[in-house]
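S.K.: Have a look at this prediction, sequence included:
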Amino acid sequence: MYLIDKKKYFDWINSNKFLTGCQKKVMIYLRKQLEKIYVNRQSNKQFYTYIENAYKSEKILIIAKIILLLQKFIGYKKAVNLVSEIKKNKMTDTEVLKIMEKTISEKGIKRNSNDVYNLCSSYKYVFESLALKYKDYIKENNIDIKKIIYLDIGCGNGNKTLMFSKSIGIEKENVNGTDIKSWGPYDTALHSSHQFNFKYVKEDGTLDYPDNSFDIITCFLMLHHVEKLDFLLGEINRVLKPSGRVIIIEHDCHDDYDKMILEILHKCFEYLKDKNNDDVSNSGYSSYHNWAEWDFIFDKNNFTYVKSNYIFINLEHSTRFDNIYYAIYAKK
């Protein structure tokens, strides 16, 4: 877990000119409340702990979020019933995942024909919105879009890399991706099929590019998996041009409920999608932060905050269980 120096963080909060007095009080309070009900992934009791404490505290939105998460995999009615069963029987995470796996194998998931996802994929919706933000910057600074050099860090299968670059209109030969050799479902075989310039992250964690190489660098939902975060941010700063921009999409994690539901989400994907049935006891690294903590981390690594906002996958869902948001930073 990435450790934030509380004193330095609180001092940074109190001196931050972009935060109101109320925001400063709330951010400090929330930080002090962490680890009150949290249990880790290895406990095998995250589903139950989350649901039981939410019901005890009558946190309706928190309960709604776990139902939304389960609905993603097994549908609404089964999600509601499963939440009740978890609470009643004090089920382990393994038991919950096996029930979900059985449900999916028997019934599958059928989307409603009127679902807005059929009109526009979730990532396309997000990337087109983000592209507008970046295009404003291009226009304001008279930048030639044909000369923009783009790097996506943690590019995975490359689908999001291409989708984002096309949303902006970046020339194909100027699109670059980098990733480690193996992570989760991604391996060397997958990386060999990319339709853009690709390089592996070096064994020592450095990015295999010269200084001041890129106009725009993106990190889409991957920074929370990076153990040597300060080192990577130093590398990003090194390969970013002086006038460049870094765009991140991350989870806005404020409390123990946020942290547990994000770990539950990853557990579901790894167990149900990637078929990693050993995930409950052997989970990968993750460290989640809220938007203010991410600003603090970027600030101490020589970046300046530009703008940020919450992300909605579509107009139908304004409440999300994973609290994703975007932020844009520049070099100091």
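M.R.: Perfect, thanks for sending it.

S.K.: only C-alpha atoms for contact and neighbour calcs from this point on.
M.R.: OK.

S.K.: got any ranges where the chain has weak pLDDT?
M.R.: 108-118, 183-192, 277-283, 313-319 (pLDDT under 70).

S.K.: can you give me the strands in it?
M.R.: Per DSSP state E, the chain carries strands over the ranges 150-153, 175-179, 197-200, 214-220, 240-251, 303-310, 324-331.

S.K.: Select, out of those, the one closest to residue 76.
M.R.: Nearest to residue 76, of all the strands of the chain, is strand 324-331, at 21.6 Å by CA to CA.

S.K.: coming back round to it: output the strands of the chain in JSON lines; the columns should cover mean neighbour count.
M.R.: JSON lines is the format used below for the strands of the chain (neighbours: other CA atoms under 10 Å):
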{"stretch": "strand 150-153", "mean neighbour count": "25"}
{"stretch": "strand 175-179", "mean neighbour count": "23"}
{"stretch": "strand 197-200", "mean neighbour count": "17"}
{"stretch": "strand 214-220", "mean neighbour count": "21"}
{"stretch": "strand 240-251", "mean neighbour count": "21"}
{"stretch": "strand 303-310", "mean neighbour count": "16"}
{"stretch": "strand 324-331", "mean neighbour count": "20"}
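
S.K.: For residue 38, which of these is the nearest?
M.R.: Using CA to CA, these put strand 240-251 closest to residue 38, at 17.2 Å.

S.K.: can you tell me which of the strands of the chain comes nearest to residue 52?
M.R.: strand 240-251 (23.3 Å).

S.K.: Counting by contacts, list what the closest one packs against.
M.R.: strand 214-220, strand 324-331 (3 or more CA pairs under 8 Å, 6 or more residues apart in numbering; DSSP states H and E).

S.K.: possible to save those strands as a markdown table with distance to residue 309?
M.R.: Converted to a markdown table, those look like this (distance: least, CA to CA, whole Å):
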| stretch | distance to residue 309 |
| --- | --- |
| strand 214-220 | 15 |
| strand 324-331 | 6 |
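
S.K.: follow-up on the earlier one: any chance of the strands of the chain in TSV, plus distance to residue 75?
M.R.: Formatted as TSV, the strands of the chain follow (distance: least, CA to CA, whole Å):
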stretch	distance to residue 75
strand 150-153	33
strand 175-179	33
strand 197-200	38
strand 214-220	27
strand 240-251	23
strand 303-310	25
strand 324-331	22
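
S.K.: So which of these is nearest residue 74?
M.R.: strand 324-331 (21.8 Å).
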